[in-house]
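Asks: Next comes the sequence, and after it the predicted model I'd like to discuss.
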Amino acid sequence: GNNLIHPATSTGGVKDNAIDIGGSSNRFKDLYLSGGAYLGGTAAANKLSDYEEGAFQTSLTCSSGAITLNGSHDELAYTKVGNLVTVTGYLVVSNVSSPGGILYIGLPFTSLSGSKYAASVFLSFNSLASGSTLDAWGIIDPNNNTIQVYVGSGSSVSATFANRVVATTDIRVQATYMAA
């Protein structure tokens, strides 16, 4: 047999795109699927097969040296709908050991491959090294599982942001990207 439930007329005929499941005052409680749901069409692009919310323990790394996060402020929250991931959070640095170069912030999922999937990141930094007023230029490169933070200027970027991170630096992160 055919393992499908088909919408039908009262006489058993096929009825397409005409029957609702539940209503505004007679709703179902939960829906459990082992596959996905097609929304707005039946093409593969209309299939929603993943929804996930969570938190993950991230880390800060750099081209040279080391950066340690405060254990009470080392998680980022994420929501993943299909392959679109949004990450938010607040991080606090507790210790540094001669950090230098690019600052890297870990992500929960690897980004999709291909230049059209590169993403910009919104970052706010507080308590950087003395005299370090600058623009943080955060990006997620394709096929990558980190945010890379550069020093930005009106005409270029430099790979020296980690040099400005100190033991009291705190960071707010907002990123949206496409996961592989």
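Replies: Thanks, I have the structure now.

Asks: Which parts of this protein are strands?
Replies: With DSSP state E as the criterion, the chain has strands at 37-38, 47-48, 51-57, 60-69, 75-81, 84-106, 119-126, 135-140, 146-152, 157-158, 170-178.

Asks: Turn these into JSON lines, including mean pLDDT and distance to residue 113.
Replies: (C-beta placed from N, C-alpha, C; glycine too.) Below are those laid out as JSON lines (pLDDT from 0 to 100; distance: least, CB to CB, whole Å):
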{"stretch": "strand 37-38", "mean pLDDT": "90", "distance to residue 113": "26"}
{"stretch": "strand 47-48", "mean pLDDT": "91", "distance to residue 113": "21"}
{"stretch": "strand 51-57", "mean pLDDT": "97", "distance to residue 113": "21"}
{"stretch": "strand 60-69", "mean pLDDT": "98", "distance to residue 113": "22"}
{"stretch": "strand 75-81", "mean pLDDT": "98", "distance to residue 113": "18"}
{"stretch": "strand 84-106", "mean pLDDT": "98", "distance to residue 113": "15"}
{"stretch": "strand 119-126", "mean pLDDT": "95", "distance to residue 113": "13"}
{"stretch": "strand 135-140", "mean pLDDT": "93", "distance to residue 113": "12"}
{"stretch": "strand 146-152", "mean pLDDT": "95", "distance to residue 113": "15"}
{"stretch": "strand 157-158", "mean pLDDT": "89", "distance to residue 113": "22"}
{"stretch": "strand 170-178", "mean pLDDT": "97", "distance to residue 113": "10"}
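
Asks: just those: most buried one?
Replies: strand 146-152 (a mean of 21; mean count of other CB atoms under 10 Å).

Asks: Name whatever forms a beta bridge with residue 171.
Replies: When assigned by DSSP bridges, residue 171 has beta-bridge partners residue 91, residue 125.

Asks: Cool, thanks, talk later.
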